[in-house]
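> heads up, no residue letters with this:
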Ligand code: AMP
Ligand code: MN
């Protein structure tokens with residue numbers, strides 16, 4: 001188990017901690033972008049109210065409900081569908097980092113992460129319900145998004161997606177899941193991460209150039 005992580009049972013022993021559960025829902029797909037780029041998998045994330053990308057889910061109270069029942073309740077609010085999640089879908093539990101980065105025990109929020117494979121048809125139902133019947137639509141959730149796992153000729157796709165900003169450890173939860181489930185090869189992921197790093201370096205250079213032009217200090 002990686003440092004900062006704990007088992008589901010160990011996590012539940014901390015009765016004074018707050019607990020939050022989130023899930024990565026994904027499916028296989030045979031569809032192709034532009035009729036030639038295989039999409040291969042649909043991975044669902046969401047644009048949150050704070051402008052950050054994250055996974056559906058939220059706070060759960062283990063004294064009133066199981067983690068999984070609480071997560072399913074959150075999914076009904078955010079997706080409009082009470083997707084059942086079980087202990088078998090549990091991937092990891094860890095203390096929430098104080099800021100972005102690796103898990104640490106300095107904060108008292110424990111994050112539980114789940115991954116569940118569903119059918120493509122269910123993904124479509126969720127996307128419809130999330131925009132029509134979900135109580136949180138337009139409030140806590142601004143919209144569901146699919147993660148592009150491919151790389152286009154011009155370097156777009158996963159690399160650009162990874163350049164966005166994510167809540168807490170959501171970005172590493174995504175990367176670890178893509179690797180562990182073999183949704184993206186290690187080589188393709190490395191290239192996508194390199195591209196995303198380059199993009200950030202370029203925007204830092206752009207900022208420097210603007211400061212130079214305006215004579216301001218960064
Ligand atoms: P939510 O109600 O979905 O915002 O989640 C409950 C708490 O967990 C909030 O404090 C979020 O900031 C935090 N949170 C949500 N997703 C993640 C994540 N992937 N990594 C770390 N913290 C998260
Ligand atoms: Mn939430």
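Thanks, I have the structure now. If you're wondering where the values come from, they're calculated on a predicted model, not measured in any experiment. Ligands and ions are numbered 1, 2, ... in the order given.
> CA only for contacts and neighbour counts going forward, please
Will do.
> buried set for the longest helix along the chain?
Criterion DSSP state H: the longest helix present in the chain is helix 186-214. Across helix 186-214, burial judged by 16 or more other CA atoms under 10 Å covers 189, 192, 193, 195, 196.
> repeat for stretch 150-170
Neighbour-count burial for stretch 150-170 flags 150-151, 157-163, 166-170 (criterion: 16+ other CA under 10 Å).
> for those, give me CSV that also has pLDDT, distance to residue 140 and secondary structure.
As requested, the buried residues of stretch 150-170 are arranged in CSV below (pLDDT from 0 to 100; distance: CA to CA, whole Å; DSSP: H, G, I helix; E, B strand; the rest coil):
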residue, pLDDT, distance to residue 140, secondary structure
150, 96, 28, coil
151, 93, 30, strand
157, 97, 26, strand
158, 98, 25, helix
159, 97, 26, helix
160, 96, 24, helix
161, 98, 21, helix
162, 97, 22, helix
163, 96, 22, coil
166, 98, 15, strand
167, 98, 13, coil
168, 95, 16, coil
169, 96, 18, coil
170, 98, 16, helix
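> now for the residues you listed, which pair is the farthest apart?
Using CA to CA, the pair of the buried residues of stretch 150-170 lying farthest apart is 151 and 168, separated by 25.1 Å.
> what residues does the protein put near ligand 2?
Contacts of the chain with ligand 2, taken as CA under 5 Å from the ion, map to 57, 58.
> point out where the chain drops to low pLDDT.
Within the chain, the segments meeting pLDDT under 70 span 1-3, 99-107, 218.
> in it, which spans are helices?
Under DSSP H, the chain gives helices at 8-13, 67-79, 120-132, 158-162, 170-180, 186-214.
> make JSON lines from the ones you listed and add distance to residue 45 to it.
Conversion of the helices of the chain to JSON lines gives the following (distance: least, CA to CA, whole Å):
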{"stretch": "helix 8-13", "distance to residue 45": "23"}
{"stretch": "helix 67-79", "distance to residue 45": "11"}
{"stretch": "helix 120-132", "distance to residue 45": "11"}
{"stretch": "helix 158-162", "distance to residue 45": "11"}
{"stretch": "helix 170-180", "distance to residue 45": "9"}
{"stretch": "helix 186-214", "distance to residue 45": "18"}
